[in-house]
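A.B. asks: Sharing a sequence plus its predicted fold:
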Amino acid sequence: VAAATEATADFVVERGAGSATQLRLVRAGTTAQQYGAGPIADLTSIDVAPVGGYSTATLVVQPSHGYVFQMSGLAGDGFLRFGGVRVTHVGQTFLLMDWSFQGDRGNPQLLRAR
């Protein structure tokens, strides 16, 4: 969690048109996609990041839906990094989510953050 102006922040949470809660990508080299076509049971449903389908489009978030991020340039080593979130609650002024991150560089398997 960081300020929207933080250079290392990959995305920001904001209100969009019609009061929709959105994840807007802000760091160059970060792309994302919704995981699956609808709700997922829990964060462990996102065990491996998809190979393709990422974009820089803003994501409208919904409870029980998952989203996967592909990030480049984090360590300057040329390896892509992957992360995932599952939104649990969306309120007027807050967003709750579980998140996971890649355990090993170059490996798209995601591990739940503790």
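C.D. replies: Thanks, I have it. Source: prediction; values computed, not measured.
A.B. asks: Tell me which other helices or strands whichever strand in the chain runs longest touches.
C.D. replies: When the chain is parsed with DSSP state E, its longest strand is strand 81-90. Where contact means 3 or more CB pairs under 8 Å, 6 or more residues apart in numbering; DSSP states H and E, strand 81-90 is packed against strand 66-71, strand 95-102, strand 110-112. For glycine as for every other residue, the C-beta is placed from the backbone atoms N, C-alpha and C.
A.B. asks: And the ones you listed: which comes nearest Phe11?
C.D. replies: Among the helices and strands packed on strand 81-90, the nearest to Phe11 by CB to CB is strand 66-71 (7.3 Å).
A.B. asks: And the contacts of that closest one?
C.D. replies: 10-11, 23, 27, 29-36, 40, 43, 45-46, 49-50, 54, 59, 61, 80-87, 110 (CB atoms under 8 Å, 6 or more residues apart in numbering).
A.B. asks: and if you look at stretch 21-41?
C.D. replies: For stretch 21-41, the surrounding residues in contact (CB under 8 Å, 6+ apart) are 4, 7-16, 45-46, 50, 53-73, 84, 86, 90, 95.
A.B. asks: what's the span of it, first residue to last?
C.D. replies: The straight-line separation of the ends of stretch 21-41 (CA to CA, to the nearest Å) is 21 Å.
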